[in-house]
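Asks: Requesting a structural model of the entry that follows:
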Amino acid sequence: MRIGKQDAPFTSICTSDADSITVRGKDLCGDIIGKMDFTSYFWLLVTGSEPTDVQKFFANAVLAAIAEHGLVPSVVAARMTYAAAPEAFHGAVAAGLLGCGSVVLGSAEVAGRFYADLVDQVENSGRSAADIAAEGVRTLRATKQAIPGFGHPQHSAGDPRALLLLDMAQQHGIVGKHIGMLYALRDCLPETIGRPLPINVNGAIPAVMLDVGFPVGALKGISLLARTASLIGHLQEERDRPIGFILSGAAAAAIEYDGETAA
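Replies: Residues are numbered from 1 along each chain as shown. From the prediction side, this is the model:
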């Protein structure tokens, strides 16, 4: 039974024979191992081209920015899973990554697609970024959706990671249409929703990465790759200084049963 398109049976990422392994047109042993840093290799794998110095700089910066932020849900899920199944290190990592979604960790992808769509509207309509941004915010509010890339439960005065990334973007002269749209959204918030909101790291990351040429469809991969490194660190600590069952116990203590009482 045929399911989906089956008329392009090709891959341009990797092939091998008895003597060599070729990745994106480069010899793995001759051109990559020991010669290319991992961030550049990641960029090559995703895009098919080596990054420029500026692209590599910002890829490194955003990976560092999003990797770790304490006992967030992905970390708690991973540590509790490892506590229950210490033989399944990979399962604990997977547990942490499975929650990468539209609210936590994966929200950079949601924000990036939103910004890219608004930028497309500006280019196709000839209207100003300010008008398109305000219209986009009003549309989200009409359906009671959050404004992706804005607000933070802890960094209410401004997410320091976002502020730094955007400052570096200015310093390196890479501020383009997507960072411009991010600023247009920020500037319209007091009028459209009645109050300002700070740009968070999941707003800065996609705006910066899109402006340096990273593909919008792979934005979630930034968060997944970065958080994998953090999860491995947390699970190594969980092995030596376990808190998974403490987290589980705290959750049980914090929640009260409000169902029916057995007869």
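
Asks: remind me which residues of the protein are low pLDDT?
Replies: Applying pLDDT under 70 to the chain flags no residue at all.

Asks: Show me where it has its helices.
Replies: With helices called from DSSP state H, the chain shows them at 38-47, 53-67, 73-84, 89-98, 107-125, 129-142, 160-171, 177-192, 201-211, 219-240, 244-254.

Asks: Let me have those helices in TSV, extended by mean neighbour count and distance to residue 153.
Replies: For every residue, glycine as well, the C-beta is placed using N, CA and C. Below are the helices of the chain laid out as TSV (neighbours: other C-beta atoms under 10 Å; distance: least, C-beta to C-beta, whole Å):
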stretch	mean neighbour count	distance to residue 153
helix 38-47	18	30
helix 53-67	19	16
helix 73-84	22	12
helix 89-98	18	20
helix 107-125	20	13
helix 129-142	16	19
helix 160-171	17	14
helix 177-192	20	17
helix 201-211	27	13
helix 219-240	18	18
helix 244-254	12	17
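
Asks: From residue 221, how far off is residue 186?
Replies: 26 Å (C-beta to C-beta, to the nearest Å).

Asks: which non-adjacent residue is nearest the residue most central in space within the chain?
Replies: Residue closest to the average C-alpha location in the chain (C-alpha atoms, centre = their mean): residue 223, at 3.3 Å. Closest residue to residue 223 apart from its sequence neighbours, by C-beta to C-beta, 6 or more residues apart in numbering: residue 105 at 5.1 Å.

Asks: wait, that neighbour sits on residue 77?
Replies: No: counting by C-beta atoms under 8 Å, residue 105 does not reach residue 77; the two are 10.9 Å apart.

Asks: Which neighbours do those two have in common?
Replies: residue 99 (C-beta atoms under 8 Å, 6 or more residues apart in numbering).

Asks: and the gap between residue 110 and residue 135?
Replies: For residue 110, the distance to residue 135 - C-beta to C-beta - is 18 Å.

Asks: cool, and residue 95?
Replies: From residue 95 to residue 135 the distance is 39 Å (C-beta to C-beta).

Asks: How about residue 164?
Replies: In terms of C-beta to C-beta, residue 164 sits 30 Å off from residue 135.

Asks: now do residue 81
Replies: 43 Å.

Asks: Enumerate every residue touching the nearest residue to residue 148 once chain neighbours are set aside.
Replies: Nearest non-adjacent residue to residue 148, counting by C-beta to C-beta, 6+ apart: residue 111, 3.7 Å away. Counting by C-beta under 8 Å, 6+ apart, residue 111 makes contact with 148, 149, 202, 203, 205, 206, 207.
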